[in-house]
Structure formats: structure tokens, C-alpha cells
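Novice: Let me see the structure of the following:
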Amino acid sequence: LAVNDEADDSNAIIEIRAATGGLEAALFAADLFQMYKRYASHRNWKFEALSFHENEVGGFKEAIASIVGAGVFGEMKLESGVHRVQRVPITESDGRVHTSTATVAILPQPEEIDIVINKNDIKFDTFRAQGAGGQHVNTTDSAVRLTHIPTGMIVAVQEEKSQHRNKAKAIQILQAKLFDEQRQQNQTDRVHARRQQIGTGARSERIRTYNYQQDRITDHRINMSLYGIDDFLSGNESLNHLMSSLLEENRMKAIRNFLDDSKRRGSDSVK
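Specialist: Below is the predicted model:
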């Protein structure tokens, strides 16, 4: 019985965005970005930042990175979703606990032969890179914005001083987005949407809470709680244990769904 995603052996693109909570959400997004970066290092995977937008307190409004290694997407795909943090922000003067969220999306990174983009379908713009406060950080139009005309997808990259490197990174991100959209559509055509673990529905749900007062991480999909947030955010064995437990539950769920479908088909054939 094959329960793996056809893209499980792929490298991955990770996108982290601040959601509800303003500056605190951006700080939490930066914490998650560093956690996955450390995790990649522990696994001897190559982690490369492709694009990030930093605010004035060091948080990330958005951060995108490439992770290269054996079976990266298959191991990390269940990190997609809404991550919630409950803690006292550094910007809070009265010591009140705030609840903020950040979204994580794990996309399979296609090989160049997997997705070909017609150059006539891309609108290419350049602009001056900006710093956290909105000021221009250089005097040349090195930042790049790509618009995929058929889908309306927009990708902007400004991290490199070279316009050529920014354009290459932007195309890499765009390819991953288009490949993921195509992959999800293919999956939806084959299986029931309720059984999708990665998709627009899953990403809109709270999947995990990081409660600093209780020093506890709870994954709501499998009702598992772990203690030691600092250790968890260091990206070592604690995170690996939770990810392995999620994958095992996902595998068992796929088997249960397969058996249910088999019974249903058997009942229909008797009628």
C-alpha cells in the first residue's frame, strides 16, 4: 500500500508569514524561521534564505527559504498550518499574555524539468531594495518583482545586491508555487478533499500552540504535548520526535481511509 505523496522525495520551499498579532506575530515568525534553520542543520540539510522582509524589531513579516536534502518535503510537509504562540511580548509593558499566530507553508521544490514557465507569461519589474524602516538600502534597482500573468502570482526578492541573483531566486520560488498548485489539483482529482493533509483548508487551521507560561508545546492534530519550548525551538530531537509522530499518524490515517474505501466499494458492488 503506497501512502506517500508523490513529491515526498523532493526538496522543499518553506514560507513563514506573520498573521494575527502585529509585531509579536512577526517576532514569532522569526523564531519559527530560526527553528527550522537549526533543524535543517541538525539533519545536515542545506538551508538557504531566498527572501525575507524584516520589521523594525527584528521580526519577519514574511520569510522564504529553500531546504535541500534527501526526502525533505516528505519529512516536513506536516509542518504546514497555523502556529499559535501565547506569551508576554517584549513590546508589552504591563506583563499581559498575548496570543499571536504565524503561518507555515511547506512546498515541494520542483526540478527544473518538472515545471517549465513560458517567459512570455512573466512580467518582470525592478525596484530599489528597502530596509526595515522603508528606506532604500542601495542606489540601484537590484530588487526584482515577478508577476505570473496567467495566475496573478507575485514574487518579490531583494536580498541579494545582484539583480541577476534576485531574479534567479524569484523564479525558483515561483516554480515551487506553481508546482505545488498543480500537485494539489492533481491530488484533489484523485482523492477526497477531506483527506488532504496539505492544502488551503489545512493551512487555515490552528495546528500547534506554543504556551510560554506553561513551557508547553501542544500539537492539536494528535493531542500531543511536549515540555521545554527553548529546547523545541532549538530544532533538535524534541521537534524531530513530534514530526515523526505526526508522520506515523498520517500514515495510519491513510491506511484507515484506504480500508474504508475498499469496504465501501465492496458494498457498492454487492448492490
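
Novice: Is Arg84 located within a strand, as I assumed?
Specialist: Yes - secondary structure of Arg84 (DSSP: H, G, I helix; E, B strand; the rest coil): part of a strand.

Novice: count of neighbours near it?
Specialist: Neighbour count of Arg84, defined by other C-beta atoms under 10 Å: 22. No exception for glycine: its C-beta is placed from N, CA and C like everyone else's.

Novice: Isn't it up against Thr209?
Specialist: Yes - counting by C-beta atoms under 8 Å, Thr209 is a contact partner of Arg84 at 4.6 Å.

Novice: Quick check: neighbours shared by the two?
Specialist: Here Arg84 and Thr209 have no joint contacts, going by C-beta atoms under 8 Å, 6 or more residues apart in numbering.

Novice: Glu141 contacts Phe124, doesn't it?
Specialist: Residue 141: Asp, not Glu. No - with contact defined as C-beta under 8 Å, Asp141 does not count as touching Phe124 (11.5 Å).

Novice: shared neighbours of the two, which are they?
Specialist: Contacts common to Asp141 and Phe124, judged by C-beta under 8 Å, 6+ apart, are absent.

Novice: For the residue lying closest to Arg43 once chain neighbours are set aside, give its distance to Ile217.
Specialist: Of all residues not flanking Arg43 in the chain, Gly69 sits nearest, at 6.3 Å (C-beta to C-beta, 6 or more residues apart in numbering). Note on Gly69: its distance to Ile217, by C-beta to C-beta, to the nearest Å, is 24 Å.

Novice: Note down every partner strand of the helix or strand hosting Ile154 and its orientation.
Specialist: In the assignment (DSSP states H and E), Ile154 maps to strand 153-157. Taking DSSP bridges as the criterion, strand 153-157 pairs within the sheet with strand 143-148 (antiparallel).

Novice: contact partners of the partner strand?
Specialist: Contacts to strand 143-148, defined as C-beta under 8 Å, 6+ apart, come from residues 117, 121-130, 153-158, 163, 166-167, 170-171, 174, 178.

Novice: mean confidence for whatever helix or strand comes next after the strand holding Ile154?
Specialist: The helix or strand immediately downstream of strand 153-157 is helix 163-190, counting by DSSP H and E. For helix 163-190, the mean pLDDT works out to 80.
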